[in-house]
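just need the structure, nothing else, for what follows:
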Amino acid sequence: MEFFNAEWIHIGSRSELQTQIQKAANIEPEYLRNFRTASVATKLSWAAGRSKTEEEDRAYSMLGVLGVSLDVRYGEGGPAAFLRLQEQIIQSNQDETIFAWTSDKLESSGMLAPSIDCFRDSSDIRYNPDHRSRGSAYQLTNRGVEFPAPLWTVGGSQGEDYVWKLRGLKKKVDLVLYAWRWNPDKKKVQHVSVRLA
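Predicted coordinates:
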């Protein structure tokens, strides 16, 4: 890939401008070489904070990077387009980092992010599919996202019925994702979880 300015004067190649591209686009050098290895959350972080002429284009511009297809519906609005994008991502792969987003403006909004900007701080999220032990994967249904929940049993001795309860306090439970944050400076990882209420 080669870069040129407005007067078609050569500026440099992707490898020569790696540092400048990283600063401008918030894309780590490893992903400039092969973006397909990045997690869904990391890819979505690249579009966070960017502006487009049409609000929907923030979602549509990510289709090729995420490897999904979506019919274009100008006029539906950015939130609706981004919701459809997330639903398509869920249906096409099992990368749980789609749920690794944050927002200070919302107390509860479900498992899906209301805006692509919620992934602003997700550039260091890595997907770890090697530690799958939960059994069946999450899926999108007409009732929303269904996840196998961490349960414990109460009772069940000497012919009693089993009572299943969510692990957690009252009606809240932390669901640990198969994802982690990577800090290359400290050579440290931190597991990512979401709170279900």
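
now what about stretch 72-92, what contacts it?
For stretch 72-92, contacts defined as C-beta atoms under 8 Å, 6 or more residues apart in numbering pick out 40, 54-56, 58-60, 62-63, 66-70, 95, 98, 112-116, 138-140, 145. The C-beta positions use only the backbone N, C-alpha and C, and glycine is treated the same way.

can you tell me which of the residues you listed end up in strands?
139, 140, 145 (DSSP state E).

list only buried entries from those residues.
Neighbour-count burial (16 or more other C-beta atoms under 10 Å) is assigned, among the ones in strands among the contacts of stretch 72-92, to 140, 145.

coming back round to it: just the buried ones from the contacts of stretch 72-92?
Buried, going by 16+ other C-beta under 10 Å: 40, 55-56, 58-60, 62, 66, 68, 70, 95, 98, 112-116, 138, 140, 145, out of the contacts of stretch 72-92.

now residue 46: closest residue in space, sequence neighbours ignored.
residue 27 (5.7 Å; C-beta to C-beta, 6 or more residues apart in numbering).

repeat for residue 36
Nearest to residue 36 is residue 67, by C-beta to C-beta, 6+ apart, at 7.7 Å.

helix, strand or coil for the residue nearest to residue 46?
When classified by DSSP: H, G, I helix; E, B strand; the rest coil, residue 27 comes out as coil.

now for it, how many residues are close by?
Using other C-beta atoms under 10 Å, residue 27 is surrounded by 19 other residues.
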